[in-house]
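**Q** what's the 3D shape of this:
(one chain, ligands or ions: 1)
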Amino acid sequence: MTHPLRPITDNERTAFHRDGAVVLKDVLAQEWLTVVAEGLEEAHTAPDGMSSELPGRLRIDQFPAYKSAGLGRMVSASPIAAIVGSMLGKPIRFYMDQMFYKPAGFIPPTDWHQDTCYYNIEGNDVIRAWVSPDPVPRDISIEVVRGSHLWNITYGTVAGHDPSADPHGAAQAQARFAEQKPILGRDAFENWSYMDGFFDSSLPLPPDINGNRDSFDILGWDYTPGDVLLFHGNILHGAAGGATSPTPRRAHATLWAGPDVRYIHRRGQVLPDPIKLYDHEPMTGQSLSEFEDVFPLAWAPQQN
Ligand SMILES: O=C(O)CCC(=O)C(=O)O
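**A** Numbers count the residues shown, from 1 in each chain. A predicted model of the protein is given here:
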């Protein structure tokens, strides 16, 4: 693991915990931007099927670090772990990663959503690190609702379909849920689309933020390569879009978990679990630290 170009400041830490997100300017060296750019291109040549029903040429792939050695190094050897860990001030483990690849031309928005219900984990110590090798101006960049990580609410997923559209499939999924099994098995890695899941209709949908922008405290940034955008696992976020970009807008987003994070079976699971976790048949409530071989410690504060 390497260090960021500069230490994280107390002001940045305060901003993150208060607002639920912060952009850390100029913390990644050029060598890592090259690694992430090459890694995203490599992952882009090997679609995982998850994006197959998404509109246009947008790709949102899961676990790209499984496919690209470069993205694997972003997880294991770049300064990201130290940046996230020092933001939290606690030991952290890597949970999973995603690729957001929007080719040059019309850049679609990413709908407002909360990541919480997309993963079979829950806790307060969850941080997302979002990195792009491309300049990402404010009009196609990530936006968050400031402070929404503290609302103590879980919104439903905006992907997937209504259980009433396929009662038989939905009943099978619910049977797996009742048996404390992940709804998605290992085969989802090869044969699954983002849109195939059944959303959990007991959860509220995110509010209509774009329709009521003045009612929300929206934060956004001009992102420059070398920056790392951190946001809390429970924050409402999306990405502005609708503008045209002469270059692709590519991003690698990694998800990190601190000590209070536990596994949870979710009724509306839409993403498979990290593949090695299937060997453990995890139960709701187990700490990620119980799966040391899957989630080894990535960073810990120095003991004095
Ligand atoms: O890059 C994007 O458009 C969306 C990113 C996102 O939603 C995420 O990293 O959770």
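**Q** Helices of the stretch 101-250 of the chain, residue ranges please.
**A** Counting by DSSP state H, counting those that start in this stretch, the stretch 101-250 of the chain has helices at residues 167-178.
**Q** What parts of the stretch 151-300 of the chain come near the ligand?
**A** Proximity of the stretch 151-300 of the chain to the ligand, by CB under 6 Å from any ligand atom, involves residues 237, 239, 251, 253. Placement of C-beta: from N, CA and C, glycine included.
**Q** top of the residues you listed by neighbour count?
**A** With neighbours taken as other CB atoms under 10 Å, the top of these is residue 237, carrying 28 neighbours.
**Q** Contacts only, for residue 125.
**A** Contacts here follow CB atoms under 8 Å, 6 or more residues apart in numbering; on that basis residue 125 touches 88, 90, 92, 257-261.
**Q** backbone phi and psi for residue 251, please?
**A** phi -150, psi 150 (degrees, to the nearest 10).
**Q** What distance do you get for it to residue 170?
**A** From residue 251 over to residue 170 the distance is 32 Å, taken as CB to CB, to the nearest Å.
**Q** go on, residue 179?
**A** Look at residue 179 and residue 170: by CB to CB, they are 15 Å apart.
**Q** between those two, who's got more neighbours?
**A** Higher neighbour count among residue 179 and residue 170: residue 170, with 16 against 8, using other CB under 10 Å.
**Q** could I have stretch 129-140 exported to CSV, CA atoms only?
**A** C-alpha atoms of stretch 129-140 as CSV (Å, rounded to 0.1, in the frame of the first residue of the first chain):
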residue,chain,number,x,y,z
ALA,A,129,-14.1,5.9,-2.9
TRP,A,130,-14.8,7.2,-6.4
VAL,A,131,-11.9,7.8,-8.8
SER,A,132,-11.8,8.8,-12.4
PRO,A,133,-8.9,9.1,-14.8
ASP,A,134,-10.9,11.7,-16.7
PRO,A,135,-11.7,15.4,-15.9
VAL,A,136,-15.4,15.2,-14.8
PRO,A,137,-17.0,18.7,-14.8
ARG,A,138,-19.9,19.4,-12.4
ASP,A,139,-22.5,18.9,-15.1
ILE,A,140,-21.7,15.2,-15.4
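**Q** Pull out the buried residues from that stretch.
**A** Using 16 or more other CB atoms under 10 Å as the test for burial, stretch 129-140 gives 129-134, 136-137, 139-140.
**Q** is the strand ranked longest in the chain anywhere near the ligand?
**A** The residue-count maximum for a strand in the chain (DSSP state E) belongs to strand 92-102. Yes: with CB under 6 Å from any ligand atom as the criterion, the ligand is reached by strand 92-102 at residue 100.
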